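In: Here is a sequence together with a model predicted from it:
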Amino acid sequence: MKRNGIWVLAVVVVLVSGFSFTVAAEEGVTDTEIHIGQWGPQTGPAAPWGSVARGTAAFFKMINDAGGIHGRKIVYHMFDDGYNPAKTMAGVKELQEGVGIFAWASGVGTAPGMAVRDYLMERKVPWVGAASGSHHWITPPEKYQFATYPLYYNEAMALCRYAIKTLGSKKIAMAYQNDGYGKNGVEGAENELKKHGLELVAKVPVESKDTDLKSHVMKMKKAGADTVLLWVNPTHGITIMGTAKAMQFEPQWMSVSTLSDFPLMYKISKGLWEGVITGSFADLPDSETPLMKKYKQAYEKYAAKEERWGIFYYAGFGFIEPMVEALNLSGRDLTRERFVKEMEGIKNFKGIMGTLNFKPFDPNDPSSRLGTNEVFLIKCLADGKYEKLTDWMTVD
Amino acid sequence: MDMKRHYYEDVQLFSSGVIVFWFAVLMVFLATFPFFFKNYFVYVANYIAINIIVVIGLNILVGYTGLISLGHAGFFAIGAYGTIIFMTKWSLPFLLALPLAALVAALFGFLLGLPALRLEGPYLTIATLGFGLTITQVIGKLELFGGRQGLHAPELLIGPWHLDTDRSFYYLVMIITVILTIFARNLTKTRVGRAFIAIRDADLAAETMGVNLVLYKTLAFAISAFYAGVAGGLYAFVLRFIEPEIFSLMMSIMFLAMVVVGGLGSIMGSIVGAGLLSWLDLQLRNILSLPYVGKWLETLSASYFSITGVSNIQFILFGLIMVLIMLFEPLGIFGIWIRTKKYWKTWPF
Amino acid sequence: MIDFLQMIVNGIAVGSSYALMGLAMVIIYKTSEVPNFAQGEMALVTTYFTFMLLHTFGLTMANAFISALVFSFFLGCLLEFTVLRRAKEPNILGMIVITIGLEMVLLGFVSWKFGADPKVMPFPISPYDSVSIGDVFISSLELLTLVVALFLMIVLFLFFKFSKLGMAMKATQQNNTAARLMGISTNRMNMMTWGISSLVGCTAGLLIAPVTMQPYMMWDPLLKGFAAAVMGGMTSLPGAVFGAYILGITENLFGGYVSIEFKSVVAFMIIIFVLCIKPSGLFARHYVKKV
């Protein structure tokens, strides 16, 4: 009897210890897992941007297959918010309080992001690489939010400077989406033009719901613009160009990095996109750098068959590169404070996007939380091919 | 038991002791709810409660008075923006800013009611739709309202309490919801409510009987706008950040759908309709994580459909639920409830 | 002066696509008094179906378009048969919500099957060529839309006024029971109405697709078409078309001379204004209600 009792006790002890209690040292981190979340518009009018979240999924799968981060696998929680801030809040709260998320990756949309920003910052949850170049992320800067998307403001400046200096444009007009995205661009453009003693000959606001843009084009044509900046969404960009062509108004078109997916733009504009100059915040799709090749292999391995290898997809890789770097540097002893410290220490980090630099947190210095302001300019050639016009540059 | 012998029996809030009991149970449940459930559920409850307020108001207009409105997102927006502006620019306390913003919304409701006097059916629908869109557009343009950059909700202080968590806000929302529901319920039992019902059933006959159409139709609009305004003000604090794009046509359509699916002309119906549809709205995105259904859907998507668009299943389900409920019971969920009650009334004979 | 004419022409051009959607809505309203919110998505399904025929099955353009028209007719009939008819004792709001639900289901299906990326629709006429009358330009696609819209308007108007089937449909709307007593199969009338309306919607979709093709492309034309139909009178076919043109022209004139930002706002203001003066729309006969 007693011998049996000892055996039973031994078995129980073995079983209990075999359960390997995962003691969470930090929320979202266990001995074997790191929980990272992302929201994205998989449905709704903004659904084309849903590929960012799917790109991150492939990125994490690639990392997990290579062994994870210091023995921990990344558990990726992606949910659809349909670009509706109420749903973003719901998803973030559910995941944060249910599963416990260590940090949030990227996330498309200024409004959805702004809705959850306060909540995350109050809880001291790190958030890296919001997928929008809005200045909301850094004014005011928050200790736990790291922005890696170059500001629309500076990109507009870069484009205008190129137009004036290299193309010799004299009359620049601008069509902008009537929200933070477009307005930031207008501010940047006007700032740059003022330096050269010029003004926008026409600036036309476009509502995101508009489909008929003839009045807008007419206004720009009447102003006699020789260069037009398109700071709208891809569909509108093409509509404006098409309408302009039908009205036989053909200025030099320039646009912003959100319209830099040339193969797509060329295809849906039926070739009109040729000759357009845009900014770009990441390496080109056909680039042969080792990182791009590695990511492309991950895409071929993990992406669904109808997924396209486009800039938004691999932006899902690029925005998160610094996060993975900081996770790696934090080592086995992973806490949020350690993670933030490692993020702050990132200097001259070059992934597939601009060179990243962070600094220790200073509430009065937005650049302590803005990793890069680098863009480069590209031009669309026939068949959606790319021509690099400038190198990476920071525009002040 | 169902026969009413006195006028006061018809009007009284609780028609029997049983109802008082269940009401008390409900109140206790609502009061202790946040302590048993996680914060996320409290957030969902807040969202549902806000929708309940709007839908009850909309039901007064659509269900009781028979006037369709697709512009309630506009009143919702006025409530949200108004509350924040009054609190930040004029430094009014929340308990003053909220009713004031709702009154502004009611004023706009009244203004909308004026052209509505002559319109009906799809004409009224378009007029209200246009009105709702106009309000959103105008708010979006004015820098006073932060334009397209949106507005941050300020800190919420009521007396000595600092409401900054979902849980504390929940109590505020629940109290307001209960008060407004009881008010609506009482309203429908008074002569104002009866005037509304008369207008819905036969407005010309009502006018000949002495019901002042101008007064009551605009009043109906104003009251439903007031409700939407209150809900909007609360929504601004649940979300903590608002911008014009949120108050879209889709939101107005959702409100109308909630009213109709819940049951026109019934307060209980609105509560259930709003609860069901808002809960679905928030939760359907998790369809893919259901144990068996999720896997099956994913394999189905991979073979016949696109895996990238797989989240669109939520729309399909949502639409299907709406269509099925309306097909089987034009009176909505409340109609189903009534039918079940009637069926079981004479059981087991 | 040239600008003014150009704006008018722009307004007519854009009004044509609104007119087609407006026509489709009026047809259904004329027979069953239900504003059909699923109109846009029915056209969307047909358009994507055509896309599938052209890309996956490699049909020629002519074959694909004709199949699309046939498909749209059957889609309309099918939807009416399976969904609308099953509604028991329907009231207007219930039917509206059913159409809204249908709209979501159809939109969900299209997004699910085809993904959210914009697609390219091959079309014989490029949307970027233009025809010029003096200094005023109109794109060839829009010219085609204009012609189609006017053509359909005339055909449908004559159909409803003079043909037996058309008259039977009008009778169904005016008094359902009396129509049945006179031997008209109201069920079949409703089915055919939906079929015809879906056909008109399909042409609208196919004409919009070359410019932009993504799942949300029909929302704006539907809204504007609905608004235009209301302004013109929900029971009047020429009313819908002229309402659409008035809407388009007003929008463009306002956008050109006053403010681009408030373009759509002013459109709705005009409609509300018109409705205040003529509550049943511009061209419809105002039925006086009996107590």
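Out: Sure, I can see it.

In: what's near enough to touch the residue in the stretch 1-150 of chain C that chain A sits nearest to?
Out: Distances between the stretch 1-150 of chain C and chain A by C-beta to the nearest C-beta are smallest at C:Ala116, namely 3.1 Å. All C-beta spots, glycine's among them, are computed from the backbone N, C-alpha and C. Taking C-beta atoms under 8 Å, 6 or more residues apart in numbering or on different chains as the criterion, C:Ala116 is in contact with A:Thr43, A:Ala47, A:Pro48, A:Gly50, B:Thr308, B:Gly309, C:Gln214, C:Pro215.

In: Next, give phi and psi for the residue nearest the centre of chain A.
Out: For chain A, the residue nearest the mean C-alpha position is A:Ala131 (2.9 Å; C-alpha atoms, centre = their mean). The phi/psi pair for A:Ala131 (degrees, to the nearest 10) reads phi -90, psi 60.

In: Tell me what it is bridged to.
Out: Beta-bridge partners of A:Ala131, counted by DSSP bridges, are A:Val108.

In: Distance of it relative to A:Glu325?
Out: When C-beta to C-beta, to the nearest Å is the yardstick, A:Ala131 and A:Glu325 sit 18 Å from each other.

In: where do the strands sit along chain A?
Out: For chain A, the strands defined by DSSP state E cover A:33-40, A:73-80, A:103-105, A:127-128, A:145-146, A:172-177, A:202-206, A:227-231, A:252-255, A:277-280, A:374-380, A:386-388, A:393-394.

In: Would you mind listing what in the stretch 251-396 of chain A touches chain B?
Out: With C-beta under 8 Å from any C-beta of the partner chain as the criterion, the stretch 251-396 of chain A meets chain B at residues A:Ala304, A:Lys305, A:Glu306, A:Glu307.

In: in the helix-or-strand element of chain C with minimal mean pLDDT, what's buried?
Out: Across the helices and strands of chain C, mean pLDDT, DSSP states H and E gives its lowest value to strand C:130-133, namely a mean of 80. By neighbour count with 16 or more other C-beta atoms under 10 Å in any protein chain shown, strand C:130-133 contains the buried residues C:Ser130.

In: try stretch B:155-166
Out: Result for stretch B:155-166 [16+ other C-beta under 10 Å]: buried residues B:Leu156, B:Leu163, B:Asp166.

In: Write out the residues of chain B neighbouring chain A.
Out: So chain B meets chain A at B:38-40, B:43-44, B:47, B:137, B:140-141, B:147-150, B:152, B:166, B:238-241, B:243, B:245-246, B:281-282, B:285-286, B:302, B:306-312, B:314-315 (C-beta under 8 Å from any C-beta).

In: quick revisit: what's the closest of the buried residues of stretch B:155-166 to chain A?
Out: Distances from chain A to those, taken by C-beta to the nearest C-beta, are shortest for B:Asp166, at 7.7 Å.

In: correct me, but that closest one touches B:Val42?
Out: Yes - at 4.5 Å, B:Asp166 counts as touching B:Val42 under the criterion of C-beta atoms under 8 Å.

In: Give the intersection of the neighbour lists for those two.
Out: Looking at what touches both B:Asp166 and B:Val42 (by C-beta under 8 Å, 6+ apart), the common residues are B:Pro34.

In: Okay, helices next: where are they in the stretch 101-250 of chain C?
Out: Counting by DSSP state H, counting those that start in this stretch, the stretch 101-250 of chain C has helices at residues C:140-162, C:164-174, C:176-181, C:186-208, C:219-232, C:237-257.
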